[in-house]
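> Please work out how this folds:
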Amino acid sequence: MSGERSGGPERAIGSGRPERARLFVALDLPADVREALQEWRRAALAGGEGVRPIALQDLHVTLCFLGWRAIGDLGAIAAACAVVRGRGAVELRLGEPVALPRRRPRVLAMALEDTDAELASAQAALSDALHAGGFYEPEERPFYGHVTVARAGRRARIPRTALLASPPPDLRFHATDVVLYRSHLRRSGASYEPLERIALGSA
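Numbering: from 1, shown residues only. Okay, the predicted model is just below:
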């Protein structure tokens with residue numbers, strides 16, 4: 001799973017160290033897809049406790065998690081992400097709900113069907129470009145396209161009933177943008193700030 005691992009803090013005031021940002025690159029989702037996932041999640045998690053839903057506007061498909069990077073590298077990172085510009089919209093379909101990781105799952109996610117491997121191809125191009133720039137260390141396991149819709153709290157678990165709930169809508173869609181995000185960590189959960197948007201192209 002392309003996850004969002006924890007890292008070091010941003011520059012402490014007066015530390016003299018360069019300011020850093022927690023970054024990841026993600027596929028943006030159309031508004032109707034995010035709304036459909038929200039509706040499905042609301043029903044699937046009914047009655048569940050200790051599971052925090054991801055805000056509607058923050059639903060996305062993580063492609064490469066970069067971790068903490070120097071602010072001064074943002075321009076070069078954005079330039080590397082431009083490798084996918086104009087390659088064409090990605091056609092996807094909502095798949096089945098999954099709990100991740102397989103052992104001791106902490107995340108409820110929706111798998112994505114990537115029939116023509118367009119998403120996997122775009123992710124590989126990004127991975128290669130960011131790795132070449134020294135900004136990303138590719139994961140050993142194969143890329144697994146999914147949308148995280150909820151996270152379990154420290155003492156909570158993803159309810160099995162969520163995986164047995166009525167299936168999500170049979171929704172096929174085109175995703176047209178990749179976004180470089182900055183993740184801000186707060187006690188209430190992470191919030192995501194878009195820094196650079198790269199257009200894949202129209203459907």
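> so where is this protein shaky, pLDDT-wise?
The model of the chain has pLDDT under 70 over residues 1-16.
> what about 80?
Applying pLDDT under 80 to the chain flags the ranges 1-18, 47-48, 187-189, 203.
> tell me, what residue is most central in it?
Central residue of the chain (CA atoms, centre = their mean): residue 62, 2.5 Å from the mean position.
> surely it meets residue 26?
Yes. If you go by CB atoms under 8 Å, residue 62 and residue 26 touch, sitting 5.2 Å apart. Any C-beta I mention is one placed from the backbone N, CA and C, and that applies to glycine too.
> Give me the common contacts of those two.
Residues touching both residue 62 and residue 26 (CB atoms under 8 Å, 6 or more residues apart in numbering): there are none.
> elements contacting the helix or strand containing the residue nearest to the centre of the chain?
Here residue 62 sits within strand 61-70, counting by DSSP states H and E. Contacts defined by 3 or more CB pairs under 8 Å, 6 or more residues apart in numbering; DSSP states H and E place strand 61-70 against strand 20-27, helix 118-132, strand 146-152.
> between that strand and helix 118-132, how many degrees?
Put simply, strand 61-70 runs at 10 degrees to helix 118-132, going by axes from the mean of the first three to the mean of the last three CA atoms, to 10 degrees.
> Now do the buried residues in strand 61-70.
61, 62, 63, 64, 65, 66, 67, 69 (16 or more other CB atoms under 10 Å).
> for stretch 150-160, same thing?
150, 151, 152, 158, 159.
> Kindly report the same for stretch 118-131.
Buried positions in stretch 118-131, judged by neighbour count with 16+ other CB under 10 Å: 118, 119, 120, 121, 122, 123, 126, 127, 129, 130.
> Now do the helices for the chain: every range, in order, please.
31-44, 74-81, 118-132, 160-164 (DSSP state H).
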